[in-house]
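Student: this is a predicted model, with the sequence first.
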Amino acid sequence: MALWPLLLLQTIILRNGDMESGTTFPLNWENKWIGQGTVTATRDISEKHGGTASLRLDSRADSKGQFSQFIEAKPGSKFTIEGWVKTSGAVKANLAFQPFSADWTKNEFNQIGYSANESGWQKFSQTVTVPDWSTRFAIGLTVEGEGRAWLDDVKLIGDNIGVEDKTVPPEVQDPTVPYRGYWPTVPDAWNQTFDGLKTEAAKGGKDVVFIGDSITQGWTGDNGKPIFEREFGPLKPINLGIGGDKTCQLLYRIDNGQFDGLDPKVVVLNVGVNNLWAGNLDPEKVADGVSAVIARIRAKLPKAKILNIGILPAMENLDHPTRVRANAVNGFLAKRADGKRVVYVDLAKTFIDGEGHLSKEIMPDFVHPNGKGYELYAAAILPKIRELLDSK
């Protein structure tokens with residue numbers, strides 16, 4: 001039986017609607033239809049409505065085409081599509097909702113917004129319903145004629161829009177690309193955990209958000225919970241840690257509604273160690289993944305300040321390859337923080353002795369703190385969090 005998760009008044013499902021991810025081309029907007037002539041797509045960082053980039057289509061004379069992304073959908077789903085469009089030249093542009101049948105033999109083209117010629121950014125919004133014969137739809141920008149058109153800040157807002165994403169991510173994941181989490185022994189559990197955290201976040205009223213992997217999740221586990229409640233409880237915190245998450249999963253979660261309902265003053269981020277276990281990722285690439293998460297947080301929560309915790313010391317000895325690579329990642333992160341909106345803190349000295357060794361008395365498996373470890377962790381970051389809460 002299919003599982004249709006309850007998603008109430010949240011921006012969901014759409015991947016990279018703010019065009020933040022991608023290099024020369026916005027991630028997930030690769031579905032292309034060229035009816036005639038030449039239409040090309042670019043991730044434009046010089047012209048955008050919000051964030052750092054937009055989708056730009058360049059169309060030549062007598063050309064017609066579309067770039068879009070497909071979304072699996074439950075028939076009868078009702079939601080609102082929002083987006084911003086800009087045009088230049090002699091081009092005509094449509095922001096469109098296009099449902100398709102399961103066998104692709106039937107589809108409809110529904111105009112959400114229209115812009116033509118020299119037009120500044122315009123917001124379009126329309127409520128639509130997925131037909132009872134449709135199981136997927138495309139959200140796309142269609143252009144015709146000579147000129148340019150831009151698309152940015154596309155959102156789907158509604159209830160019960162789509163099916164659960166059960167795509168199995170690749171074994172080796174690019175740290176800068178969003179992938180859902182996946183636990184092979186319990187395939188549905190990661191999605192269920194994520195849905196639970198979204199439901200909790202949607203309640204709002206939190207000033208401090210903790211987000212990361214199992215080390216962050218441990219704040220409200222057996223070892224960390226007493227310390228978390230005692231030290232951070234008065235600060236109105238929420239813990240959004242999920243075991244096993246890499247930068248990829250945090251990108252996915254943020255893109256899919258993790259922060260909906262939240263307006264915190266501080267976000268405490270600790271992620272990256274799980275990206276290192278494959279052993280073949282360049283430390284700078286892992287740092288790029290953390291930086292992508294920070295950029296995503298800033299786009300979604302522009303008022304919040306970010307406390308970026310460097311990857312905690314892992315493995316017993318200083319010369320262990322994982323520790324060496326973690327130190328390299330941290331070196332990049334330290335240089336990228338501005339010290340105002342993004343504050344970096346390295347906690348290595350909190351957990352290691354004078355010779356760089358970790359103790360089982362603090363991290364029994366040389367990765368996860370125990371109760372004593374979380375006491376040290378809290379003492380190290382609590383002053384930083386309070387400082388950021390009090391700063392303007």
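Tutor: Nice, thanks for sending it over.
Student: could you pull out the helices for the stretch 51-200 of the chain?
Tutor: Residue ranges of the helices in the stretch 51-200 of the chain, as given by DSSP state H, counting those that start in this stretch, are 189-201.
Student: any weak-confidence spans in it?
Tutor: Where the stretch 51-200 of the chain drops to pLDDT under 70, the residues are 159-165.
Student: in it, which spans are strands?
Tutor: For the stretch 51-200 of the chain, the strands defined by DSSP state E, counting those that start in this stretch occupy 54-59, 64-72, 78-89, 92-101, 110-116, 119-129, 134-144, 147-159.
Student: quick one, domains of the protein?
Tutor: Following automatic domain parsing, the chain resolves into domains at 10-159, 189-390.
Student: same list (those) but as TSV, adding mean neighbour count and distance to residue 166.
Tutor: Every C-beta, even on glycine, is put in place using the N, C-alpha and C of the backbone. Shown next, in TSV, are the domains of the chain (neighbours: other Cβ atoms under 10 Å; distance: least, Cβ to Cβ, whole Å):
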stretch	mean neighbour count	distance to residue 166
domain 10-159	18	10
domain 189-390	19	7
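Student: just to revisit the earlier point, reformat the strands of the stretch 51-200 of the chain as CSV; add distance to residue 332.
Tutor: Converted to CSV, those look like this (distance: least, Cβ to Cβ, whole Å):
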stretch, distance to residue 332
strand 54-59, 27
strand 64-72, 31
strand 78-89, 33
strand 92-101, 38
strand 110-116, 41
strand 119-129, 34
strand 134-144, 35
strand 147-159, 29
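Student: among those, which comes closest to residue 328?
Tutor: Nearest to residue 328 among the strands of the stretch 51-200 of the chain is strand 54-59; the distance by Cβ to Cβ comes to 33.3 Å.
Student: what packs against that closest one?
Tutor: strand 39-44, strand 64-72, strand 134-144, strand 147-159 (3 or more Cβ pairs under 8 Å, 6 or more residues apart in numbering; DSSP states H and E).
Student: which other residues reach that strand?
Tutor: The contact list for strand 54-59 (Cβ atoms under 8 Å, 6 or more residues apart in numbering) reads 19, 26, 29, 37-44, 47-48, 65, 67, 86, 91, 93, 141, 143-152.
Student: starting at the chain centroid, how far to stretch 186-205?
Tutor: Computed by Cα atoms, centre = their mean, to the nearest Å, the chain-centroid distance of stretch 186-205 equals 14 Å.
Student: now swap in stretch 167-182 and tell me
Tutor: Computed by Cα atoms, centre = their mean, the chain-centroid distance of stretch 167-182 equals 12 Å.
Student: what do you get for stretch 140-159?
Tutor: On Cα atoms, centre = their mean, the centre of stretch 140-159 falls 21 Å from that of its chain.
Student: just put the domains of the chain in CSV and tack on distance to residue 178.
Tutor: As requested, these are exported to CSV (distance: least, Cβ to Cβ, whole Å):
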stretch, distance to residue 178
domain 10-159, 7
domain 189-390, 4
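Student: got the end-to-end distance for stretch 253-260?
Tutor: Terminal residues of stretch 253-260 lie 11 Å apart, using Cα to Cα, to the nearest Å.
Student: do stretch 343-351 as well
Tutor: End-to-end span of stretch 343-351 (Cα to Cα): 20 Å.
Student: leaving out chain neighbours, which residue sits closest to residue 328?
Tutor: Distances taken as Cβ to Cβ, 6 or more residues apart in numbering place residue 283 nearest to residue 328, at 3.7 Å, with adjacent residues excluded.
Student: could you give me the average pLDDT of stretch 383-392?
Tutor: For stretch 383-392, mean pLDDT is 94.
Student: secondary structure class for residue 373?
Tutor: Following DSSP: H, G, I helix; E, B strand; the rest coil, we place residue 373 in the helix state.
Student: give me every residue that touches it.
Tutor: 223, 351, 362-363.
Student: geometric centre of this protein: which residue is closest?
Tutor: Nearest residue to the geometric centre of the chain (Cα atoms, centre = their mean): residue 251, 2.6 Å.
Student: and the angle for the helix or strand hosting that residue with helix 189-201?
Tutor: Residue 251 is part of helix 247-255 when elements are defined by DSSP states H and E. Angle of helix 247-255 versus helix 189-201, following axes from the mean of the first three to the mean of the last three Cα atoms, to 10 degrees, is 40 degrees.
Student: which other helices and strands contact helix 247-255?
Tutor: Using 3+ Cβ pairs under 8 Å, 6+ apart, the elements in contact with helix 247-255 are helix 283-300.
Student: touching the helix it packs on from outside, list them.
Tutor: Contacts for helix 283-300 (Cβ under 8 Å, 6+ apart): 18, 20-21, 50-52, 174-176, 246-248, 250-251, 254-255, 259, 267, 269, 271-272, 275-276, 304, 306, 308, 325-326, 328-329, 331-333, 336, 341-342.
Student: secondary structure class for the closest residue to residue 228 other than its chain neighbours?
Tutor: Sequence neighbours aside, residue 219 is the residue nearest to residue 228 in space, at 4.4 Å (criterion: Cβ to Cβ, 6+ apart). Following three-state DSSP, residue 219 is assigned to helix.
Student: hey, C-alpha coordinates of the following helix or strand past the helix holding residue 251 in CSV?
Tutor: Remark: after helix 247-255, the chain's next helix or strand is strand 266-270, criterion DSSP H and E. Once non-C-alpha atoms are left out, strand 266-270 reads as follows in CSV (Å, rounded to 0.1, in the frame of the first residue of the first chain):
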residue,chain,number,x,y,z
VAL,A,266,20.8,30.7,15.9
VAL,A,267,21.5,27.5,14.0
VAL,A,268,24.1,25.2,15.4
LEU,A,269,25.5,23.1,12.5
ASN,A,270,27.8,20.0,12.9
